[in-house]
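1. Let's see this in three dimensions:
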Amino acid sequence: MRICALIPVYNHEHAIATVVQQVLAQGLPCILVDDGSHAACRQVLERLQAEHAETVTLLRLPVNQGKGGAVLAGMQAAMDTGFTHALQIDADGQHDTNAIADFIAASQMQPDAVICGYPHYDASVPRARLYGRYATHVWVWINTLSLRIRDSMCGFRLYPLAATLAVANKNHIGRRMDFDTEILVRMDWAGIRIVNRPIRVSYPLDGVSHFDALHDNLRISLMHTRLFFGMLPRSPRLLWRLLRGEN
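-> Presented below is the predicted three-dimensional model:
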């Protein structure tokens, strides 16, 4: 196994240096995907690459692709470089990087699985965001006919690259805030094991959110609709997995 950290970055110049330092302290090299950031953020990313030339790779997307597009571009670059697994982590500092060792250990035990974080929030979490997540949780449980995915929206997870890219290349998957949920559901449909691990989450170091309440909620609603109709022909197999105790 060769594991890297994969961090999609869009205008998080105030937090990203701290996140990179914390990840490097855990012994992981980093691939930073600049998703069309503005000049101030680009300069910070260039400085980080120059300061950590042996452990930080900068991949620049000239036009913003959205979180999912940035993650997939980073995954392909990671696999092309020889990595087998990538730990996705958000650039705003919300995730506790002390969990990295636990996720790596879980992946070493089950290298074909996705090690997926489910958040333990502190008092900084906005209540509207916390409660709003449950609508997605319920739809994911419906669309997998299981509780195998405990939280599909947490951006801290360790992917097996070959299996993930195979699923992404075979299916239409949302490239923005709908990505995190849809890739997990489709990997579950493909029979890839989801291992749920806790991760402490705080909101956030730089106070920047790129969630568009109108457009991203519309994308997520369309995604759930698309997944529901994709679940229907798969329901006999999913029910068989449920009967076998894969929940």
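
2. For the closest residue to residue 171 other than its chain neighbours, the count of nearby residues, please.
-> Excluding its sequence neighbours, the residue lying closest to residue 171 (CB to CB, 6 or more residues apart in numbering) is residue 186, at 5.4 Å. Using the backbone N, CA and C atoms, a C-beta is placed for each residue, glycine as well. Counted with other CB atoms under 10 Å, the neighbours of residue 186 add up to 21.

3. May I ask you to confirm that residue 186 is in contact with residue 167?
-> Yes: at 5.3 Å, residue 186 counts as touching residue 167 under the criterion of CB atoms under 8 Å.

4. any shared contact partners between the two?
-> residue 173 (CB atoms under 8 Å, 6 or more residues apart in numbering).

5. residue ranges with poor pLDDT in this structure?
-> Residue ranges of the chain with pLDDT under 70: 122-132, 204-217, 247.

6. ok, now with 80
-> 121-135, 177, 203-217, 219, 245-247 (pLDDT under 80).

7. Just want the most central residue of it.
-> The geometric centre of the chain, computed from its C-alpha atoms, lies nearest to residue 155 (CA atoms, centre = their mean), at 3.7 Å.

8. Compute the distance between it and residue 240, please.
-> Separation of residue 155 from residue 240 (CB to CB, to the nearest Å): 31 Å.

9. Next: residue 152.
-> When residue 152 is compared with residue 240 (using CB to CB), they lie 22 Å apart.

10. For these two, indicate the residue with more neighbours.
-> residue 152 (24 against 11).
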